[in-house]
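Novice: sharing a model prediction with you, sequence too.
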There are 2 protein chains.
Amino acid sequence: MTEFTSINAATGEPHGDPHPINNLEDVAAACAAADAAFDTYRATSREDRAAFLECIGEEIMALGDSLVEAASLESGLPRARIENERGRTVTQLRLFAEVVRTGLWQQLRIDPAMPERQPLPRPDLRLRMIPVGPVAVFGASNFPLAFSTAGGDTASALAAGCPVVIKGHPAHPLTGSLVAQAITKAVNACGLPAGVFQHLVGPSNELGAALVQDSRIMAVGFTGSRAGGLALAKLAQAREVPIPVYAEMSSINPVLLLPSALKSRGADLGTAFVGSLTMGAGQFCTNPGLVLAIEGEGLDAFVEAATRSVSQSQPQVMLTKAICASYAKGVEALSSLPGVEKLAVGTVSDDTRGATALFQTTASAFLANKAAAEEVFGASSIVVRCKDEGELKSVLEALEGQLTATLHMDEADEGIAARLLPVLERKVGRILANGWPTGVEVSHAMVHGGPFPATSDPGMTSVGTLAIDRFLRPVSYQSLAPSILPPELRQEALNDGVPKLIDGTLKLN
Amino acid sequence: MTEFTSINAATGEPHGDPHPINNLEDVAAACAAADAAFDTYRATSREDRAAFLECIGEEIMALGDSLVEAASLESGLPRARIENERGRTVTQLRLFAEVVRTGLWQQLRIDPAMPERQPLPRPDLRLRMIPVGPVAVFGASNFPLAFSTAGGDTASALAAGCPVVIKGHPAHPLTGSLVAQAITKAVNACGLPAGVFQHLVGPSNELGAALVQDSRIMAVGFTGSRAGGLALAKLAQAREVPIPVYAEMSSINPVLLLPSALKSRGADLGTAFVGSLTMGAGQFCTNPGLVLAIEGEGLDAFVEAATRSVSQSQPQVMLTKAICASYAKGVEALSSLPGVEKLAVGTVSDDTRGATALFQTTASAFLANKAAAEEVFGASSIVVRCKDEGELKSVLEALEGQLTATLHMDEADEGIAARLLPVLERKVGRILANGWPTGVEVSHAMVHGGPFPATSDPGMTSVGTLAIDRFLRPVSYQSLAPSILPPELRQEALNDGVPKLIDGTLKLN
C-alpha cells in the first residue's frame, strides 16, 4: 500500500484525493535532515526564532477556509469549534514567540570566580539551557489543529530550538498536510534549513515506531490513548540511548460536588455538568468522567437534572468510526459492572455517532470495581454516591493520577475543601473550583499534566508556556574564554534584559 | 543472615561491632512512615525547612572525629580528603537551606483572571511546584559523605519537601549509621515526624530493589555503576506506576589538548593530568579517562611526562576489594585490545590497592574498538592520538554521553575550540577550560549530569542547586478561594520577596 484516503467523519466515506504513505526510508531521511538542521536552528537568535513562530501562525491563517473545511470534515467537529481551535493554535504560537523573546527559558546562571577562596579557589561557572535535539511529535485525534501538526508539542519544541518531525494522525491527513505546507512556507520565508520541520503520515503504527526508535530523535511528544503512550514509552526505553516520551494519556477528571454547593444549586450543577460532558462529543482529555458527592437531597437534584439533560442530548459525530466503536464498548462495559446503575444511555444511532451516557454507583461498589475508574473516551460519566466525607476521601485516594480535579463549593465548603486539597495535590496536575475541567487555558500558570497514567512524567505539562521545559537540558561552562562562551553568557550580556541568577540571586537586568 | 560487618578498606579485615541487616519488612515500614510524614513535612515553612537542613549540618559536625575516623577507615580515603568531603557535605546542606529560603524553586506563577476577555473570560490561574513524595536515595561508594546518607541527593530531596529513605552503601555502614543518627537528631530537634528521614542498610541488592518497587516511593536518586543504575531504572519502569530513577552512572570525561596549548606546555600538562587522574585513586565520576589530541611534538612531550608520572605513582587503597578487583580486570581488558599500547601500568600490589594505568592508541583503533571507550572505575586513562582536527571530531562524535569535557587551550586555539563546542554541547553536561574535571563545585551554575549513559536524565543535575528540580512537580490552581489557596500564592504574598511570574513577566517583589 502506498496511498491512503481521508475519511469524512460524519459519513464514514472516503473523501478527496488519496495521500501518499510515508515509508521507513522517509523516516530515516527526515531524522537525518532534522539532525543536520539542529545546530543551525539552535543557533538562531531569540528574535529570529520568535519571528519564525509568528510566521507559522500567519501562514496557518493564510490557509483560510480550506483549513477549517478540511479539519471539520475529517474530525466531525463543527466549524465553530474548529475556528476556535485555529485561534487557539495561532495564539499558542504567538505566546511561545513571546516566551522565546524573554529568554527566561534559558535559565541563565552565573557563579563568578572566587580566585582567593580558601581552601580552593572557585572557578567561573555559567549555565544555560540548550535544546535536547530533534523531537518527534504525534498528532492527536481529538485536536486536529491545537494538539497536532502545529500544536502545543510542535510549538514548544520549536520554541526550545528543537527541529520537529511530526507523525500526523491518520484520521486527518488533509488537515495535517495543509498545516505542514504552512509551516514549510514559514521555514522557507525565514531562511531556515528544511530539516527544521518535517511531516510524515500513514495509517500504520510502524511509521511512528520507527520514528521513536531512530537514534537521532531525542524526545517524543504524544497525546492519545494509554495503550499508545505506553507502547511508545516502551520502545523509547528499549533504545540503546533511552529517550523520554512525554505522553498525555488517560484521565477521568473527578468532579467533587461539596455539600453546601450541592444543597444550594444541585439541579443547576446537574445541567451545567452535562454541558461540559457533551462538549465535543466528550472527546476531551479533561472530560469529566467521574462525579463524587455525599448522599443527600442536593445529590438527588443533581442526578435528576443531569439524567434529564443526558436523555435530551443528541448523538454527536465522533472523530472516527474506531473511536465510536470503542466508546460504545466502554459504555457497554460500564453498564455490565455489578452495582453500577444506568441513569441514561442514548443508543448509538449509527456507527459514526456517540450518545451521551450517565451512570451511578455507590462508593463501595466503585472501590470494588477497578474497571469503573477506567477512562471511556467520549461523553460518558459515572456518579459515585458517598456516605460521608471519609468515604469520599477513600475514593479519591484509590484513584489513579489525573489531569484535573474540580471542586464545586461555597464558602461553607472551605473546611472540607481544605481537608481534601492535600489528597488532590498528590493525584492531579490542576485543581479548579466552580468551573468545568474542559476548558484548558494556554497561559503561563497552566498545568496540563499530572501523575501517571494521566501523563508519563508528572514533572511536566503539555499545555502552557512551562511545556518548553520538556525539550531543554542544562549545560555548564567552566572558565571558558569570553570569545567562545555562548553570547548570552558573556559579560556584555549581563544587562541585556534577560533575567539571570547571579551567585544565587535573581537579577532582572 | 541478620548482621554484617564493616570492613577496613586498607586491610580488608572486619572492623568493629556487626551491624543489623534491615529486612523487607523494614523497607515497607520505612516507606509507610515516609508516606505518612509527607504531608506534614511538605507543609513546613521555608524558614523551618531551611533551619532543619542547617541543623543536620551542625549535628554532622558535632559527630566530631569519630565520623572522620569511620569514613576514612571504611573507604580507604585519607583523613584530609574525608575532612574536605565533610566540609563539602555541610556546605551543601547550608546552600540548600539558602535555596529553600529564596523560594525560587517554587517557580510561582500567577495569571490574573480576565473576566471581560472575548470570546471567553480567562480564569485566575496560579502555579507552584510541590514535592513529588517520598524519595529513595542510594549511598555511593566513592563519596561516603557528600554523595551518601546526607549527600547531595538527600539534601536536595529534603529541600524540595520530600521525605527520604536512604539505602546506605554496604561498604560504609558505620559512617552511614553515624550520619543517620545526626540527621535523626535534627529531625527530633526540629519537631518533625520520624518518617522524614530513615536509614536502611544491608549487603544484598534485594533491599534496594524492594525500596524502588515500593508504591509509596515516588523518585530515586542513585550514583554508581552503569549496571546498577540500569537495573534500578528497569525495576522502576516495570512498576504499576513507573517512577524516575535519577542515576548518575558512567563517564570517561574526555580531555582535549588543543594544538597551541599542547605545543606551549605539553610536558606540564602531562604531569598535571596525572595529578587529576590519581586523585582519590581515580575513583571519581569525573575522572579523566580519555585524552584526545592531534599528533605532534607537544603530544609526545605530554605522553612522555605523563608516562613518567604514572610510573612514579604509588598504588592507592581502593574503596573495596571488589572495586579493586574490577579495576584490575578493566585495566587487563584495555591492555589486551588490538592497537592499544600500554604506556605505564603499575602492578596491583595487593588486593586492596590499585595502580595507575596509562594507555595510548590511534583514533582509528579507538573507533574500531567500542570497548576502549568503556569506563574503568579507577586511575586508568587512554590517550587517543588523532591525525588531524577531522579525526578528533570523529572520535568526539562517536563517544557516548559524558558528564564533562575539558579543553586545554590558548588564545590561538579559540578557532578550533569554537568549532568543537557544538559537538561537545550535545555530548556532555559541563565543558571546562584549562582545569581538570575532578573538582565539582557545589554552586548554582554547576551541572553534574549529561546525556545517557552519563546519567539517566540529561535534563537534570545531581550536584548544584538545580538538583532540587528532580524532586518537584507543578500544580495549577484555578479560581480557588483565597482561604484555600496555598499561602505563597495568595494576594497577600504578592510582595513577600519571592520572585513570581505575573502573566509572563518576572517580578522580584
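Specialist: Thanks, I have the structure now. Numbers count the residues shown, from 1 in each chain, chains lettered A, B, ... in the order given.
Novice: can you list the residues of the stretch 101-250 of chain A near chain B?
Specialist: The interface of the stretch 101-250 of chain A toward chain B, taken as Cβ under 8 Å from any Cβ of the partner chain, is made up of A:102, A:104, A:109-111, A:119-120, A:122-123, A:125-127, A:130, A:132-133, A:237, A:241-242, A:244. (Each C-beta comes from the backbone N, C-alpha and C, glycine too.)
Novice: just those residues: which are in strands?
Specialist: A:Arg109, A:Ile110, A:Asp111, A:Leu125, A:Arg126, A:Leu127, A:Ile130 (DSSP state E).
Novice: quickly check those residues for the two that are furthest apart.
Specialist: Maximum pairwise distance among these (Cβ to Cβ): 18.2 Å, between A:Asp111 and A:Ile130.
Novice: neighbour-wise, which of the two wins?
Specialist: A:Asp111 (24 against 19; other Cβ atoms under 10 Å in any protein chain shown).
Novice: show me what contacts that one?
Specialist: By Cβ atoms under 8 Å, 6 or more residues apart in numbering or on different chains, the contact list for A:Asp111 reads A:Arg122, A:Asp124, A:Leu125, A:Arg126, A:Asp503, A:Gly504, B:Glu441, B:Ser443, B:His444, B:Ala445, B:Met446.
Novice: A:Leu125 is in contact with the last one, correct?
Specialist: Pointing back at B:Met446 there. Yes: in this structure, B:Met446 is within contact of A:Leu125 by Cβ atoms under 8 Å, at 6.0 Å.
Novice: thinking again about what came up before, now the ones in strands among the residues of the stretch 101-250 of chain A next to chain B: which count as buried?
Specialist: A:Arg109, A:Ile110, A:Asp111, A:Leu125, A:Arg126, A:Leu127, A:Ile130 (16 or more other Cβ atoms under 10 Å in any protein chain shown).
Novice: for the third one, list each beta-bridge partner.
Specialist: This means A:Asp111. Beta-bridge pairing of A:Asp111 under DSSP bridges involves A:Leu125.
Novice: just the helices in the stretch 201-350 of chain A please.
Specialist: Assigned by DSSP state H, counting those that start in this stretch, the stretch 201-350 of chain A shows helices spanning A:205-213, A:226-237, A:259-278, A:297-312, A:321-335.
Novice: next one: the stretch 1-150 of chain A
Specialist: Counting by DSSP H, counting those that start in this stretch, the helices of the stretch 1-150 of chain A are A:24-42, A:46-62, A:65-75, A:79-102.
Novice: now the ones you listed in TSV, with mean pLDDT and mean neighbour count?
Specialist: Listed next are the helices of the stretch 1-150 of chain A as TSV, based on pLDDT from 0 to 100; neighbours: other Cβ atoms under 10 Å in any protein chain shown:
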stretch	mean pLDDT	mean neighbour count
helix A:24-42	98	19
helix A:46-62	98	20
helix A:65-75	97	21
helix A:79-102	97	20
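Novice: find the nearest non-adjacent residue to A:Gln360, please.
Specialist: Sequence neighbours aside, A:Val383 is the residue nearest to A:Gln360 in space, at 4.2 Å (criterion: Cβ to Cβ, 6 or more residues apart in numbering or on different chains).
Novice: ok, how many other residues are close to the one you found?
Specialist: As a burial measure, A:Val383 scores 24 neighbours (other Cβ under 10 Å).
Novice: which residues are in contact with A:Gly103?
Specialist: Contacts of A:Gly103 by Cβ under 8 Å, 6+ apart are A:Arg46, A:Glu488, A:Gly497, A:Val498, A:Pro499.
Novice: typed the wrong thing, it's A:Leu501
Specialist: Going by Cβ under 8 Å, 6+ apart, A:Leu501 touches A:Gln107, A:Leu108, A:Arg109, A:Ile110, A:Lys507, B:Leu104, B:His444, B:Ala445.
Novice: do the same with A:Phe366
Specialist: Residues near A:Phe366 by Cβ under 8 Å, 6+ apart: A:Gly339, A:Ala372, A:Ala373, A:Ile382, A:Val384, A:Val395.
Novice: so where do the strands sit in the stretch 351-500 of chain A?
Specialist: Assigned by DSSP state E, counting those that start in this stretch, the strands in the stretch 351-500 of chain A fall at A:353-354, A:357-362, A:380-386, A:402-408, A:428-433, A:472-478, A:500-502.
Novice: dump these into TSV; add mean pLDDT as well.
Specialist: As requested, these are exported to TSV (pLDDT from 0 to 100):
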stretch	mean pLDDT
strand A:353-354	94
strand A:357-362	98
strand A:380-386	98
strand A:402-408	98
strand A:428-433	98
strand A:472-478	98
strand A:500-502	98
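Novice: low-confidence ranges in chain A?
Specialist: A:347-348 (pLDDT under 70).
Novice: could you chop it up by domain?
Specialist: Residue ranges for each domain of chain A read A:20-104+A:122-249+A:459-471, A:254-433, as given by automatic domain parsing.
Novice: A:Ile416 against A:Leu258, yeah?
Specialist: Yes: using Cβ under 8 Å, A:Ile416 is in contact with A:Leu258, at 5.7 Å.
Novice: who has more neighbours out of these two?
Specialist: Each of A:Ile416 and A:Leu258 has its neighbours counted (other Cβ under 10 Å); A:Leu258 has more, 25 against 19.
Novice: just put the helices of the stretch 1-150 of chain A in CSV and tack on distance to B:His15.
Specialist: What follows is the helices of the stretch 1-150 of chain A, written out as CSV (distance: least, Cβ to Cβ, whole Å):
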stretch, distance to B:His15
helix A:24-42, 53
helix A:46-62, 59
helix A:65-75, 71
helix A:79-102, 57
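Novice: how many other residues sit next to the residue in the stretch 251-400 of chain A that chain B sits nearest to?
Specialist: Going by Cβ to the nearest Cβ, chain B is nearest to A:Glu400 of the stretch 251-400 of chain A, at 7.8 Å. Using other Cβ under 10 Å, A:Glu400 has 20 neighbouring residues.
Novice: buried stuff in stretch A:372-387?
Specialist: For stretch A:372-387, the neighbour count (16+ other Cβ under 10 Å) marks A:372-373, A:375-386 as buried.
Novice: who's in contact with A:Met279?
Specialist: Neighbour list for A:Met279: A:Asn287, A:Thr438 [criterion: Cβ under 8 Å, 6+ apart].
Novice: now the terminal residues of stretch A:165-172, how far apart.
Specialist: By Cα to Cα, to the nearest Å, the extent of stretch A:165-172 from end to end equals 17 Å.
Novice: for it, which outside residues touch it?
Specialist: Residues contacting stretch A:165-172 (Cβ under 8 Å, 6+ apart): A:4, A:6-7, A:9, A:27, A:30-31, A:34, A:70-71, A:74-75, A:134-141, A:144, A:148-149, A:154, A:176-177, A:180, A:197-203, A:207-208, A:211, A:217, A:319-320.
Novice: could you redo the last one with a cut-off of 7 Å?
Specialist: For stretch A:165-172, contacts defined as Cβ atoms under 7 Å, 6 or more residues apart in numbering or on different chains pick out A:30-31, A:34, A:71, A:74-75, A:134, A:136-141, A:144, A:148-149, A:154, A:176, A:198-203, A:207-208, A:211, A:319-320.
Novice: got it, and stretch A:230-247?
Specialist: For stretch A:230-247, the external contacting residues (Cβ under 7 Å, 6+ apart) are A:209, A:212-213, A:215, A:217-222, A:229, A:455-457, A:460, A:462, A:470, B:237, B:452.
Novice: can you list the buried residues in that stretch?
Specialist: Neighbour-count burial for stretch A:230-247 flags A:Leu230, A:Ala231, A:Leu232, A:Ala233, A:Leu235, A:Ala236, A:Pro242, A:Ile243, A:Pro244, A:Val245, A:Tyr246, A:Ala247 (criterion: 16+ other Cβ under 10 Å).
Novice: any idea which of those is closest to A:Ile484?
Specialist: Nearest to A:Ile484 out of the buried residues of stretch A:230-247 is A:Ile243 (Cβ to Cβ; 28.8 Å).
Novice: distance of that closest one relative to A:Val135?
Specialist: As judged by Cβ to Cβ, to the nearest Å, A:Ile243 and A:Val135 stand 10 Å apart.
Novice: among the domains of chain A, which is the most enclosed?
Specialist: Sort these by mean neighbour count, taking mean count of other Cβ atoms under 10 Å in any protein chain shown, and domain A:20-104+A:122-249+A:459-471 sits at the top with a mean of 22.
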